[in-house]
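[1] All I have is the shape, not the residue letters:
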């Protein structure tokens, strides 16, 4: 999701893996501290941006970790630039929306387009966060700081990409880990597994849509174990 500092949502992972090797935490174009273009990007453009960054920094075989919409970017990157990533990790990501989830997201978009869009944002927060989530107030602060037009562009980009998601998922031949949160599933995982047989699925305990912040130790250990088993040293 867009926040004033989108990369902050993965800060616990950045600091954990920075102690074990090279780690880069980035804001996509138009998000956080990155440049603000006249138009917000598409999932394909975001993936190209990540590929460009890797070329500029001479990064080879990275493990790409994407939360929420970032998971869509990771899949697009793996499909469009198959020789670049060594593996991808998707966390609470809406890749291959189930019918019910898609209808719910469409309802959110309708609310975001209205003058009362802040009501839709609050409803979204209440939907994706568990009552026990410690960072809910932080999410509220950051979500309400995002301009309405950016929220609309964010959801439109996801819906546009959802139409090509099946072919993108099927094109992924590298190791893939999907980490599901405790609040619900935004991905049709049986369909995902049929299109991408090497998919590994994990589930966290005790967190809504932001397990990266709420329970980073669970997320970090799953990613670390996944790479140990499925990637060559």
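    Right, received. Where do you want to start? Note that the coordinates shown come from a computational prediction; the quantities given were computed from them, not determined experimentally.
[2] CA atoms for contacts and neighbours, from now on please.
    Noted.
[3] residue boundaries of the strands in the protein?
    Remark: strands assigned in the chain by DSSP state E are 63-67, 87-91, 176-180, 199-203.
[4] Switch the ones you listed over to TSV; also include distance to residue 35, mean neighbour count and mean pLDDT.
    Shown next, in TSV, are the strands of the chain (distance: least, C-alpha to C-alpha, whole Å; neighbours: other C-alpha atoms under 10 Å; pLDDT from 0 to 100):
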stretch	distance to residue 35	mean neighbour count	mean pLDDT
strand 63-67	20	21	97
strand 87-91	25	25	98
strand 176-180	29	25	98
strand 199-203	34	16	97
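[5] Include distance to residue 186 when you put the ones you listed into JSON lines, please.
    Formatted as JSON lines, the strands of the chain follow (distance: least, C-alpha to C-alpha, whole Å):
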{"stretch": "strand 63-67", "distance to residue 186": "12"}
{"stretch": "strand 87-91", "distance to residue 186": "10"}
{"stretch": "strand 176-180", "distance to residue 186": "8"}
{"stretch": "strand 199-203", "distance to residue 186": "13"}
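[6] among these, which is nearest residue 110?
    Comparison of the strands of the chain against residue 110 by C-alpha to C-alpha identifies strand 63-67 as nearest, at 23.2 Å.
[7] okay, and for the chain, where does confidence drop off?
    Within the chain, the stretches with pLDDT under 70 are 1-7, 233.
[8] From residue 65, how far off is residue 88?
    Residue 88 sits 6 Å away from residue 65, going by C-alpha to C-alpha, to the nearest Å.
[9] Between these two, which contacts overlap?
    residue 74 (C-alpha atoms under 8 Å, 6 or more residues apart in numbering).
[10] follow-up on the earlier one: select, out of the strands of the chain, the one closest to residue 148.
    strand 63-67 (21.1 Å).
[11] And the strands of the chain: which comes nearest residue 232?
    Closest approach to residue 232 among the strands of the chain (C-alpha to C-alpha): strand 87-91, 11.0 Å.
[12] The closest one versus strand 199-203: what angle between them?
    30 degrees (axes from the mean of the first three to the mean of the last three C-alpha atoms, to 10 degrees).
[13] and strand 87-91 with strand 63-67, angle?
    Using the same axes, to 10 degrees: strand 87-91 against strand 63-67 is 10 degrees.
[14] Determine the set of other helices and strands touching strand 87-91.
    On a contact count with 3 or more C-alpha pairs under 8 Å, 6 or more residues apart in numbering; DSSP states H and E, strand 87-91 meets strand 63-67, helix 69-80, strand 176-180.
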